[in-house]
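J.: build me a structure from this.
(6 chains)
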4 protein chains.
Amino acid sequence: MKTLNSRQVKAAKSSPRRRELKLHRQKEILAAALEEFGTNGYAATRLEDVAKRAGIAKGTIYLYFRDKERLFRAVVRTLIQKRIDALTGMFSGSAEKLLRELLSQMYQVVRNAKARSIVRMLIAESGKFPQLADIYHREVIEPGLNRVRRVLKRGVATGEFRQTKAAQFPQILVAPGVLAIVWRLLHGERHRLDLDAYSKAHLEFVLDSLRKQPD
Amino acid sequence: MKTLNSRQVKAAKSSPRRRELKLHRQKEILAAALEEFGTNGYAATRLEDVAKRAGIAKGTIYLYFRDKERLFRAVVRTLIQKRIDALTGMFSGSAEKLLRELLSQMYQVVRNAKARSIVRMLIAESGKFPQLADIYHREVIEPGLNRVRRVLKRGVATGEFRQTKAAQFPQILVAPGVLAIVWRLLHGERHRLDLDAYSKAHLEFVLDSLRKQPD
Amino acid sequence: MKTLNSRQVKAAKSSPRRRELKLHRQKEILAAALEEFGTNGYAATRLEDVAKRAGIAKGTIYLYFRDKERLFRAVVRTLIQKRIDALTGMFSGSAEKLLRELLSQMYQVVRNAKARSIVRMLIAESGKFPQLADIYHREVIEPGLNRVRRVLKRGVATGEFRQTKAAQFPQILVAPGVLAIVWRLLHGERHRLDLDAYSKAHLEFVLDSLRKQPD
Amino acid sequence: MKTLNSRQVKAAKSSPRRRELKLHRQKEILAAALEEFGTNGYAATRLEDVAKRAGIAKGTIYLYFRDKERLFRAVVRTLIQKRIDALTGMFSGSAEKLLRELLSQMYQVVRNAKARSIVRMLIAESGKFPQLADIYHREVIEPGLNRVRRVLKRGVATGEFRQTKAAQFPQILVAPGVLAIVWRLLHGERHRLDLDAYSKAHLEFVLDSLRKQPD
DNA sequence: CATGAATGAGTGTTCATTCAT
DNA sequence: GATGAATGAACACTCATTCAT
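T.: Okay, the predicted model is just below:
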C-alpha cells in the first residue's frame, strides 16, 4: 500500500477514500454535538467540548459546519431525519393489533435516548429555533398522528372500535407516551417509570375506552 | 447634596415600609427574570435584560440575589410554590364529578403561561439543575398524582369506576394535559390546539375507559 | 411615586461629573487607538494593546465603541475633525504673503505626527474603508485646495502672479508637502529631510514659477 | 485537466524544464500575492485567498516560500527589482528635453498599478517592515533623485537652468508625481485626476521655475 | 511535487460580577 | 440602597502552518 508510486497515490487521494473519511468525521462531530447539546442545551454547550468529545481540534469543526448554529441545526435535522426513516411501512391485521403495534413502536421511541434528546432540544430551544419545531411537526408529528387516525378509522370501519371524539384528537391516545418522555427528561434516573408495566396499562386503558362494549 | 436628601428621606421611613418595598422590588425582579429565563433559557438569558425589563440597573439585582444561579432557582422555586398553593382543597361529590373538576383544574394550568414556562425551564435545565425537577416532583407532581389516585379509589369504592391497571399509573389519565403543554411549548402560536374541544374529548375518553359498563 | 423619587435621585447622580469622566475616558481610548492603528494598521492592531495603552481593561473599550471597526472610524473621524478645525480663517496682505502663510501652515501639518498618521491610515485602509478617504477629501483636501486657488486668483488679480495652468491643479503647488509626509511615513527617523531648508526651497521654487518676470 | 496534463508533462520532462515550470509557478504566486497584499495589506491578506487566486492549494505556497512574511517580502522585493530594471539608460539632448523625458517616465510609473501598489504597501507596512522601505530608498528613490540632480546640473552647466536651491531637494521637482500616486491610492476611481493635463501643468510649472529668464 | 484536512494559538466580543460614587 | 462603569474570564471563530496521503 505504502509503496504505491506517488502518482497513483495522488490519483487515489482525493476521490473515494477521502470523501468517505470526511463523511465519517462529520458523523462523529454530529454525534458528539448531539451529546453535548442534548445535555447542556444550545447556549451552554461549548464547541471545545464537542471537539474534545469527538477527539478532534476545535478548528476542525469549522471545516464541516460554518458556525455553532449550523452545527446545532444539522444535529437536530439529522435526528429528525432518523425519526422519519423510522416511521416504518404499513401493516395489516385487526385494528387492535395495529394499535398495539403502533404503541409498541412509540415506546421504542420513548426508550430511545436520542429521540428523547430531540424533544428536549426542541422544547428548550423553540424560542431561538422555532423552524426546527416546525420541521418536526410537519415531518414527524403530523405523519405519526395520521397513522393513529387511520388505525382508528379502520377500527370503526371493522366494528372493533366505537366512534369517539378522541378520533379528532389522536394526541389523546398517544399522550401517555409523550408524558413518559417528559418524565424521563425531567427525572432522569432519579424517579423511574416502569415502562413495561406503564405501556401495558396505557394500551389497556386505551382499548377499554375504544372497544365497543358487548351489549 | 442629592445624596443627603435621599438619605434623609430614607432615614425618615419606617422599617416595615422598607421591607415591603424591598419585597415588592424582589417580586418585580423575579417576574422579569421569569419572562427572560422562560423565553431564552438559563444560559442565554442576560441579567442586563432582566434588569431592563424590571426597570432597574444591572447591579441592583445583586442586592436581592447572590448570583444568576440563585436568581434562577428563586424564579423556579417561586413558581413551584405558586403551583403548590394552587393545589386547592378537596371536594365532595361523585367520583366522576371530582374527576371532571380535577381535569378542569389541570387545563387551567395548561392555559397558564407561567405554568408552561416552568415545565420548559425544568426540561431545558434539568441537566444543570436536577434538584429543581426533584422539588417539582415532590411538591407538585406527586401530590397531583395522589389526588388522581384518591379519586380513582373513591370511584372504585362507590362502584362508579372499574378496577383498572391504570390506577397504578395515574399519569396515563392526565397525560393529554401534559401533551397539551408540550404542544404549546413546541409550537407556540403556530399550530394551535383547540383546548376546549380537546379537553372535552380527553374527559370523555377517560370516562369511557373508567366507567363500569352497564350490564 | 416612590419609584419616581428614587429615579430622580438616580438621574441627578449620573449627570455632570460622570458624563465628564466618560468623555475623558473616551478620549483616552481614542488616543491609544490612534497610536496603535497608526503604527500597525487596522488589521494588525489588537484591541488588547489599545486597552493596555489606555490603561483599561479590554472589555471597557466596548462600553464606548460597539466594535473594532467603529473604534477605527471614530479615530479617523476625530482626526479629520481636528484637521477641519485647524483650517483657520483667511487673512489679508499680498498674495505672496498669503502663499507663504499657507505653505507655512502646511508644513506645520507635515511636522504633526497625528496628521501624518491619518494619511498613513487612509492610504493603508482605503481598500476596506473608502468612505473615510471620501470624508477626508470632501472636508480637508478640497477646502485646502480651494484656499490655494483663491490665493492664486488674488495674485493674478493684483498682478503679482502670472496666469499659469498650474492654477487648475493647485495640487502641484502643495505637492512637496505631501511628498514630505510620505517621505516621513516611509523612512521615519532613518532618512531625515531637513524640513526647514526643504520648505524654504519649496517656497522659493513655487514663487520663482509664479512670479511675473520683471521685464 | 490542465493540472493533470502538466503533471504528466513534468514527470516526463528533464530538469531544466522543471526548473522553468517551478519558476513560472513562483511568479504566479507572487502575482496573486501582490494583488491581495496590495488590496488588503499584509495582516488582512489570507494565504488561502492568495492560493485561490493563483489557482493552487494553500499548502503549495509553502513549497515556494517559507512563510507569509517571506512571501510578502519577496513580493515587494520583486516589485522593487522591476522598478530598478525600469530605470532605463542615459540619454542625450538638452537639459529641458531630458527633464521632459524624466517626468514622462515618472508619469508612466504613476499610471502603473503595481508601482502604486508598492507605494501603498511600503507606507502601510513600514511599521512592520522598515527594511523594505530602506531597500526601496536605496535602490529606487535615491537613484531616481540622482538622475534629477544630474539633469539639473547639466541644465545649469549649459545655461538653460538657473541655479536654485531646489537642486538640493530634487524631491520638490518630482513631488507632483508622488502626489498623483497618493491621490490615486486614496481616491481610487472616485475622484479622478486628469493625468494628461496634470502632468503637462506640472512640467510647465517646473520649467517656469527653472528656466533662466530672458534678460 | 501538490493537496487540503487538521491543528491550535490568537483575537474580537460578550457578560456575570464587582465596586466607587 | 441604587447605579452603571469597569473588569476579565470565557467562548466563538479565524487563519498561518503542518503533514499524511
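J.: tell me which residue is most central in chain A.
T.: Of all residues in chain A, the one closest to the mean position by C-alpha atoms, centre = their mean is A:Ala115, 3.5 Å from it.
J.: in a strand, that one, correct?
T.: No. Counting by DSSP: H, G, I helix; E, B strand; the rest coil, A:Ala115 is not found in a strand; it is helix.
J.: now it: closest residue in space, sequence neighbours ignored.
T.: Using C-beta to C-beta, 6 or more residues apart in numbering or on different chains and skipping the chain neighbours, the partner closest in space to A:Ala115 is A:Val109 (4.6 Å). C-beta coordinates here come from the backbone N, C-alpha and C atoms, glycine included.
J.: point me to the residue of chain A nearest DNA strand E.
T.: Proximity of chain A to DNA strand E (C-beta to the nearest atom of the strand) peaks at A:Gly59, 1.8 Å away.
J.: SS state for that residue?
T.: Once three-state DSSP is applied, A:Gly59 turns out helix.
J.: confidence score at it?
T.: Note for A:Gly59: predicted pLDDT of 97.
J.: by residue count, what's the longest helix in chain A?
T.: Assignment by DSSP state H gives helix A:18-40 as the longest helix of chain A.
J.: tell me what that helix is packed against?
T.: helix A:47-54, helix A:58-64, helix A:68-86, helix A:113-125 (3 or more C-beta pairs under 8 Å, 6 or more residues apart in numbering or on different chains; DSSP states H and E).
J.: check which residues of the third one are buried.
T.: The neighbour-count criterion (16 or more other C-beta atoms under 10 Å in any protein chain shown) identifies A:68, A:71-76, A:78-80, A:83 as the buried residues of helix A:68-86.
J.: cool, the last one as well?
T.: Burial within helix A:113-125, assessed by neighbour count using 16+ other C-beta under 10 Å, is assigned to A:115-125.
J.: what about that helix, near DNA strand F?
T.: No. Shown here: helix A:113-125 not in contact with DNA strand F (C-beta under 7 Å from any atom of the strand), separated by at least 14.0 Å.
J.: do the same with the first one
T.: Yes. Using C-beta under 7 Å from any atom of the strand as the criterion, contacts between helix A:47-54 and DNA strand F involve A:47-48.
J.: now do the buried residues in that helix.
T.: Of the residues in helix A:47-54, A:47, A:49-51, A:53-54 count as buried by neighbour count, 16+ other C-beta under 10 Å.
J.: which of these lies closest to D:Ser104?
T.: Using C-beta to C-beta, A:Leu47 comes nearest to D:Ser104 of these, at 59.8 Å.
J.: residues touching the closest one, list them.
T.: For A:Leu47, the contacting residues are A:58, A:61, A:68, A:71, by C-beta atoms under 8 Å, 6 or more residues apart in numbering or on different chains.
J.: about what we covered before: doesn't the residue nearest to A:Ala115 belong to a strand?
T.: No. The assignment for A:Val109 by three-state DSSP gives helix, which leaves it out of any strand.
J.: any idea how many residues pack against it?
T.: A count of neighbours around A:Val109, defined by other C-beta atoms under 10 Å in any protein chain shown, yields 19.
J.: wait, it sits on A:Gly177?
T.: Yes. Contact status for A:Val109 versus A:Gly177: in contact at 7.3 Å, counting by C-beta atoms under 8 Å.
J.: residue contacts, the residue in chain A that chain C sits nearest to?
T.: Taking C-beta to the nearest C-beta as the measure, chain A has A:Asp67 as its residue closest to chain C, at 17.6 Å. A:Asp67 makes contact with no residue, according to C-beta under 8 Å, 6+ apart.
J.: let me know the pLDDT of it.
T.: For A:Asp67, the predicted pLDDT is 97.
J.: A:Asn5 too?
T.: Confidence for A:Asn5, expressed as pLDDT, is 41.
J.: tell me the pLDDT at A:Leu21?
T.: For A:Leu21, pLDDT reads 82.
J.: neighbours of it, just the number please.
T.: A:Leu21 is flanked by 10 other residues according to other C-beta under 10 Å.
J.: thinking again about what came up before, which one of the helices and strands packed on helix A:18-40 lies nearest to B:His187?
T.: helix A:113-125 (9.8 Å).
J.: could you point out which element follows that closest one?
T.: From helix A:113-125 onward toward the C-terminus, using DSSP states H and E, the following helix or strand is helix A:130-136.
J.: buried sites along that following helix?
T.: In helix A:130-136, counting by 16+ other C-beta under 10 Å, buried: A:130, A:132-136.
J.: so can I have CSV of these showing pLDDT and distance to D:His24?
T.: Shown next, in CSV, are the buried residues of helix A:130-136 (pLDDT from 0 to 100; distance: C-beta to C-beta, whole Å):
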residue, pLDDT, distance to D:His24
A:Pro130, 96, 55
A:Leu132, 97, 52
A:Ala133, 97, 57
A:Asp134, 97, 55
A:Ile135, 97, 52
A:Tyr136, 97, 56
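J.: DNA strand F: which of the residues you listed is nearest?
T.: For the buried residues of helix A:130-136, the nearest to DNA strand F is A:Leu132 (17.3 Å; C-beta to the nearest atom of the strand).
J.: what's near enough to touch that closest one?
T.: A:73, A:76-77, A:80, A:121-122, A:125-126.
J.: show me which helix or strand of chain A is least confident by mean pLDDT.
T.: Least confident element among the helices and strands of chain A, by mean pLDDT, DSSP states H and E: helix A:6-12 (a mean of 38).
J.: burial of A:Arg138, as a residue count?
T.: 12.
J.: give the contact list for A:Gly177.
T.: Shown in contact with A:Gly177 (C-beta under 8 Å, 6+ apart): A:103, A:106-107, A:109-110, A:199, A:202.
J.: so it is in which element?
T.: Secondary structure (DSSP H and E) places A:Gly177 in helix A:170-187.
J.: give the buried residues for that helix.
T.: A:170-187.
J.: swap in stretch A:96-106?
T.: A:96, A:98-100, A:102-103, A:105-106.
J.: what of stretch A:152-165?
T.: A:152, A:154-156, A:160-161, A:164-165.
J.: report the mean per-residue pLDDT for that stretch.
T.: Stretch A:152-165 shows a mean pLDDT of 93.
J.: from one end of that stretch to the other, what's the distance?
T.: 11 Å (C-alpha to C-alpha, to the nearest Å).
J.: what lies in contact with the following helix or strand past the helix holding A:Gly177?
T.: For helix A:170-187, the following helix or strand on the C-terminal side (DSSP H and E) is helix A:195-210. With C-beta under 8 Å, 6+ apart as the test, helix A:195-210 has contacts from A:96, A:99-100, A:103-104, A:107, A:110-111, A:152, A:155, A:160-162, A:164, A:166, A:173, A:176-177, A:180, B:162, B:164-166, B:168-169, B:171-172, B:205-206, B:208-210.
J.: now do stretch A:24-34
T.: The contact list for stretch A:24-34 (C-beta under 8 Å, 6+ apart) reads A:45, A:50-51, A:53-56, A:60-61, A:64-65, A:71-72, A:74-75, A:78-79, A:114, A:117.
J.: likewise stretch A:86-100?
T.: Applying C-beta under 8 Å, 6+ apart, the contact partners of stretch A:86-100 are A:101, A:105, A:109, A:140, A:143-144, A:147, A:151-152, A:154-155, A:158, A:160-161, A:203, A:206-207, A:210-211.
J.: mind pulling up the pLDDT for the closest residue to A:Gly41 other than its chain neighbours?
T.: Take A:Gly41 and drop its neighbours on the chain: the residue closest to it by C-beta to C-beta, 6+ apart is A:Ala124, 5.0 Å away. According to the prediction, A:Ala124 has pLDDT 97.
J.: tell me the contacts of A:Ala124?
T.: The neighbourhood of A:Ala124, defined by C-beta under 8 Å, 6+ apart, consists of A:41-42, B:41, B:120, B:123-124.
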